[in-house]
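Colleague: Next come a sequence and a model predicted from it.
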Amino acid sequence: MMKVRQITLFSSGLNRKTEYMFDVAIQIVTHNHAPTIQACLLAVNAQQHVTYSVHLLDNASTDSTVEHIRTLGYEVFCSPHNLGYSAAHNQLLEQGNSRYVLTLNPDAILQPDFLYHMVHALDQNPKAGAAAGCLLRIEGPDDEPSCIDGAGLMMQRNRRQYLRCEGQPVNAAPRQMEPIFGPDGAAAFYRRAMLDDIQVMDEVFDNDFFMHKEDVDICWRAQLRGWSALYVPDAVGYHIRTFRAGQRANIHPAIRRHAVRNRYLLMLKNEQWRHFLVDLIPILFYDAKIIAYLLFFERSSLHAFIDLLRLLPRMRVKRRLIQQGRRTNWQATRLWFEH
């Protein structure tokens with residue numbers, strides 16, 4: 001049984017459904033996050049004006065992550081091996097009893113009113129299934145933000161996802177609530193009803209992804225089911241981003257391999273043929289660059305294509321289920337690939 005510490009802070013003015021015990025379930029999956037987890041949890045403790053529960057799973061950390069968590073009075077489920085991001089969050093989803101879910105990275109730090117603004121935004125927009133706040137980039141828990149880390153995920157015609165406003169000055173952050181493709185997994189806020197709605201083969205997060213791009217997969221499936229997503233400017237947080245554009249050489253080889261493989265898993269599951277044909281040239285051009293880079297600089301990631309072949313039968317089943325359950329037409333989803 002998953003061990004959960006529940007923290008309750010009460011407020012007035014938010015519409016609650018009696019079948020749920022909390023407004024938000026905060027899910028945090030750790031793996032060797034000793035330098036940042038305490039700052040993350042202290043910010044969680046400071047959340048105001050909503051009720052929430054906190055659910056922690058550690059993926060076989062070899063540092064002092066678990067000790068830091070327990071020092072703050074939390075209980076944490078410790079997996080003896082690394083389950084991956086997707087499977088770990090799927091386990092935590094089974095424990096929550098809330099209207100909304102926040103998947104929070106252990107290197108993200110929230111302002112005290114982050115949850116309040118997210119809950120308020122989705123309460124006011126019942127067709128929105130997810131939301132992203134304004135994340136500002138920091139180098140360490142005590143540092144001042146250097147730039148915008150991201151203001152939601154968007155997609156390009158070549159099927160490369162990107163963070164809106166990444167690297168721009170802090171004062172350039174958008175100040176209006178706007179539609180986005182979906183939230184970045186560093187601090188992704190979901191309506192539980194949406195997560196239940198997009199399940200495929202009894203999974204919300206795709207366990208075959210293990211890690212990397214599983215947040216994009218959630219966004220894409222949600223859009224196909226007719227759920228929108230919002231950028232909420234008043235929900236502000238800070239993020240120590242480990243994986244950045246232009247620093248691929250510093251990323252662990254296994255993660256680089258997952259990143260390559262999961263690009264194609266995304267398209268195999270979610271792509272619509274008409275979109276694919278319209279964007280065939282930019283997609284093929286980008287894929288040619290990927291393959292050339294792997295051949296010359298990163299041959300270890302070529303194993304991603306062997307993984308892809310192994311997973312192909314399962315992806316065909318998932319694709320059929322996703323496309324059969326699609327609620328949006330071709331025109332409605334086209335706008336997300338015009339960037």
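Modeller: In hand now; what should we look at? Residues are numbered from 1 along each chain as shown.
Colleague: Check the chain for its longest strand and report it.
Modeller: Ranked by residue count under DSSP state E, the longest strand found in the chain is strand 228-239.
Colleague: Pairing partners for that one, with directions?
Modeller: The strands beside strand 228-239 in its sheet (DSSP bridges) come out as strand 108-110 (antiparallel), strand 128-137 (parallel), strand 178-180 (antiparallel).
Colleague: who touches the first one?
Modeller: Same thing as strand 108-110. The contact list for strand 108-110, computed with C-beta atoms under 8 Å, 6 or more residues apart in numbering, reads 39-40, 43-44, 47, 104, 135, 138, 141, 186-187, 236-240. Bear in mind the C-beta positions are built from the backbone N, C-alpha and C, glycine included.
Colleague: check which helix or strand covers the residue of the chain most remote from its centre.
Modeller: The outermost residue of the chain relative to its centre, with distances by C-alpha atoms, centre = their mean, is residue 296 at 30.8 Å. Here residue 296 sits within helix 280-297, counting by DSSP states H and E.
Colleague: roughly how far is stretch 253-263 from the heart of the chain?
Modeller: With C-alpha atoms, centre = their mean, to the nearest Å as the basis, stretch 253-263 stands 16 Å off its chain's centre.
Colleague: could you give the mean pLDDT of that stretch?
Modeller: For stretch 253-263, the mean per-residue pLDDT is 91.
Colleague: Could you pull up the mean pLDDT of the helix holding residue 296?
Modeller: The model assigns helix 280-297 a mean pLDDT of 96.
Colleague: Can you pull the phi/psi pair for residue 106?
Modeller: For residue 106, the backbone dihedrals are phi -70, psi -10 (criterion: degrees, to the nearest 10).
Colleague: who are the neighbours in contact with it?
Modeller: By C-beta under 8 Å, 6+ apart, the contact set of residue 106 is 28, 29, 30, 33, 36, 37, 40, 65.
Colleague: Which among the strands paired with strand 228-239 is found nearest to residue 167?
Modeller: strand 128-137 (8.1 Å; C-beta to C-beta).
Colleague: Alright, that wraps it up for me.
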